[in-house]
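Colleague: kindly generate the corresponding structure for this input.
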Amino acid sequence: MAPSLAVHARRGAAALATAAVLGAAAAPAAFADGSPSPAPGLYGTADPKFDGVFRQSLAFVAQNATGVTPAKPGVDWLAGQQCEDGGFPGYRADTSKACDPKKDEFTDATAAAVQGLAAAGGRADAVRKGLDWLKAHQNDDGGWGYQAGSPTDANSTSIALGAFAAAGQDPAKDAVKNGKNPVETLLAFQLGCDAKEGERGAFAYLKDDKGLRADNLASAAAALATLGKGFLAEPPKKDADRPVKALECAGEDKAGPKDAAAAAEAVDGYLVAAMDKNGGYLLPSMPGAPAKPDQGNTADAALALAAGGHRAAAEKPLKWLRSKESGTAEWAKGQPGRLAKLILATRAAGGDPRDFAGTDLVAQLNATGPAPERATGSDESKKDEDKDEKDGGVTVNVWWIVGVGLAFGAGIGFLISGRKKKQQL
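Modeller: Numbering: from 1, shown residues only. You can find the predicted model right below:
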């Protein structure tokens, strides 16, 4: 999750706001790989080669959650990335060129785009085609791999489950393959009481001949999926909070949790313990990655804990993310996906994303793309409201109506998955 991927802190609002007014978030003339500049509507100025679709999708979910109606060119850009068969690439510079289903289309991008377009509203056909693609490329065990034909992994499966939930479907009923329930398939990736202490309750990324190995990326994603949620999690009721309970391993029972609710509790316990060990943050679990704080995965974990009703536990990583020592502000500067993750995690924990250590994350996110149709809570929206009152309240913003057309249910998965793309968010 994603996030909003999570995804994280911000900056450069003034410069990016100017670019947004001009229409297209000031991308360079060409990227390092020689690909052409992205079309107007794409959020962010960083090379979108791996995460263009993902960060755009997270941005729309975060905007929808905070009362912002994204600009039509932005929604058009994301919808225009869809391939003819319904799948999505990580990014394609030339949308007039047909996609290669074997190389260009990805589960994570498709599932994220479904969530983003459902949140933006008015794109029911694109959402349906995306879900149809996911069903058509589901593995025989009921799960999903990073690409069609790749082995099932917990992260991609989690994000896919979130796409169905975001579209108002129950994947345990609407995405069964060969009698295999994809939620049950995901649970097979969770480490149980036979794992070593400190890893119990975690989710593995893949299954291999070395057995299940705890993975923070997969664990945060699965924590949302097992709750039937995606990038969006609603804030708890006022003062509501539940303590986190680690997986209990008493007696001779070495099996892991037996249902999704128990699995969610167990993985939340793992995430809390893992962050407490480090002082409030997660480390990357990708083999070979430097052992330094992973802001994106930490935001994903905060979102997952908040979604599970563990408000106090979610506040700990959020407190670290707000600190100067975390480096989150610089890490997320001008990055729409990262900003979206921070917004979604903060909101889910009952905080105000417009006051994140004195920073208005929503305004910074909006500034990374074309000016939104409507931005509730901003100075501009206040001017619009005042104008509406002066006009007798008869002014209606058409895209505001479209923006609430599709209710964004819940979903899952956060993060950008796949080892190649993980560090993008």
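Colleague: what residues does residue 355 make contact with?
Modeller: By Cβ atoms under 8 Å, 6 or more residues apart in numbering, the contact set of residue 355 is empty. For the C-beta atoms, the positions are set from N, CA and C on the backbone; glycine is no exception.
Colleague: just to check, residue 68 is in contact with residue 372?
Modeller: Yes. Judged on Cβ atoms under 8 Å, residue 68 makes contact with residue 372 at a distance of 5.0 Å.
Colleague: what's around the residue nearest to residue 274 when sequence neighbours are not counted, how many residues?
Modeller: Counting by Cβ to Cβ, 6 or more residues apart in numbering, the nearest residue to residue 274 once its immediate chain neighbours are dropped is residue 282, at 6.0 Å. For residue 282, the neighbour count with other Cβ atoms under 10 Å is 26.
Colleague: quick check, residue 282 in contact with residue 294.
Modeller: Yes. Contact status for residue 282 versus residue 294: in contact at 5.2 Å, counting by Cβ under 8 Å.
Colleague: run through the stretch 1-150 of the chain and note the low-pLDDT ranges.
Modeller: 1-39 (pLDDT under 70).
Colleague: ranges for the strands of it?
Modeller: 68-69 (DSSP state E, counting those that start in this stretch).
Colleague: quick check: neighbours shared by residue 282 and residue 294?
Modeller: By Cβ under 8 Å, 6+ apart, the residues touching both residue 282 and residue 294 are residue 216.
Colleague: in the biggest helix by length in the chain, what's buried?
Modeller: Counting residues, the longest helix found in the chain (DSSP state H) is helix 260-278. For helix 260-278, the neighbour count (16 or more other Cβ atoms under 10 Å) marks 260, 262-275 as buried.
Colleague: just checking, what packs against that helix?
Modeller: With contacts defined as 3 or more Cβ pairs under 8 Å, 6 or more residues apart in numbering; DSSP states H and E, helix 260-278 has these neighbours: helix 182-187, helix 216-225, helix 295-307, helix 311-322.
Colleague: adding mean pLDDT and distance to residue 347, write the ones you listed out as CSV.
Modeller: Compiled in CSV, these are given as follows (pLDDT from 0 to 100; distance: least, Cβ to Cβ, whole Å):
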stretch, mean pLDDT, distance to residue 347
helix 182-187, 97, 25
helix 216-225, 98, 14
helix 295-307, 98, 8
helix 311-322, 97, 11
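Colleague: residue 242: which of those helices is closest?
Modeller: helix 311-322 (8.0 Å; Cβ to Cβ).
Colleague: so what does the closest one touch, helix or strand wise?
Modeller: Counting by 3+ Cβ pairs under 8 Å, 6+ apart, helix 311-322 packs on helix 260-278, helix 295-307, helix 336-348.
Colleague: now those as CSV including distance to residue 93?
Modeller: Formatted as CSV, these follow (distance: least, Cβ to Cβ, whole Å):
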stretch, distance to residue 93
helix 260-278, 37
helix 295-307, 25
helix 336-348, 18
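Colleague: out of those helices, nearest to residue 109?
Modeller: Here helix 336-348 is closest among the helices and strands packed on helix 311-322 (Cβ to Cβ), at 12.2 Å.
Colleague: the very next helix or strand once past that closest one: how far from the chain's middle?
Modeller: The first helix or strand that comes after helix 336-348 along the chain, using DSSP states H and E, is helix 361-366. How far helix 361-366 lies from its chain's middle: 16 Å, per Cα atoms, centre = their mean, to the nearest Å.
Colleague: helices or strands next to helix 361-366 in the packing?
Modeller: Helix 361-366 packs on helix 13-22, helix 52-65, helix 336-348, strand 374-375, going by 3+ Cβ pairs under 8 Å, 6+ apart.
Colleague: could you dump it to CSV, C-alpha only?
Modeller: Taking Å, rounded to 0.1, in the frame of the first residue of the first chain, the C-alpha atoms of helix 361-366 are listed here in CSV:
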residue,chain,number,x,y,z
LEU,A,361,0.8,17.5,2.8
VAL,A,362,-2.3,17.9,0.8
ALA,A,363,-1.3,21.2,-0.6
GLN,A,364,2.1,19.8,-1.5
LEU,A,365,0.6,16.8,-3.2
ASN,A,366,-1.8,19.0,-5.2
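Colleague: pLDDT at residue 417, what is it?
Modeller: You'll see residue 417 listed with a pLDDT of 43.
Colleague: show the contacting residues for the closest residue to residue 187 other than its chain neighbours.
Modeller: Leaving aside its sequence neighbours, residue 187 sits nearest to residue 263 (Cβ to Cβ, 6+ apart; 5.4 Å). By Cβ under 8 Å, 6+ apart, residue 263 lies in contact with 187, 190, 222, 226, 256, 257.
Colleague: give me the below-cutoff pLDDT ranges for the stretch 151-300 of the chain.
Modeller: For the stretch 151-300 of the chain, the stretches with pLDDT under 70 are 251-255.
Colleague: most tightly surrounded among the helices and strands packed on helix 361-366?
Modeller: Comparing those by mean neighbour count (mean count of other Cβ atoms under 10 Å), helix 336-348 comes out on top with a mean of 34.
Colleague: what angle sits between that one and helix 216-225?
Modeller: 50 degrees (axes from the mean of the first three to the mean of the last three Cα atoms, to 10 degrees).
Colleague: for helix 336-348, name the packing helices and strands.
Modeller: In terms of contacts (3+ Cβ pairs under 8 Å, 6+ apart), helix 336-348 is packed against helix 52-65, helix 295-307, helix 311-322, helix 328-332, helix 361-366.
Colleague: so which bits of the last one are buried?
Modeller: Read that as helix 361-366. Here helix 361-366 shows 361, 362, 363, 364, 365, 366 as buried, counting by 16+ other Cβ under 10 Å.
Colleague: and of the residues you listed, the nearest to residue 164?
Modeller: Residue 164 has its nearest neighbour among those in residue 365, at 25.8 Å by Cβ to Cβ.
Colleague: I'd guessed that closest one sits against residue 341; true?
Modeller: No. Counting by Cβ under 8 Å, residue 365 stays clear of residue 341, with 10.3 Å between them.
Colleague: common neighbours of the two, please.
Modeller: Residues touching both residue 365 and residue 341 comprise residue 62, with contact defined as Cβ under 8 Å, 6+ apart.
Colleague: related to what we said a few turns ago, what residues are up against the residue nearest to residue 274?
Modeller: 216, 220, 271, 274, 275, 293, 294, 297, 298, 301, 317.
Colleague: measure it to residue 321 for me?
Modeller: 11 Å (Cβ to Cβ, to the nearest Å).
Colleague: overlap of the contact sets of those two?
Modeller: Shared contacts of residue 282 and residue 321 (Cβ under 8 Å, 6+ apart): residue 298.
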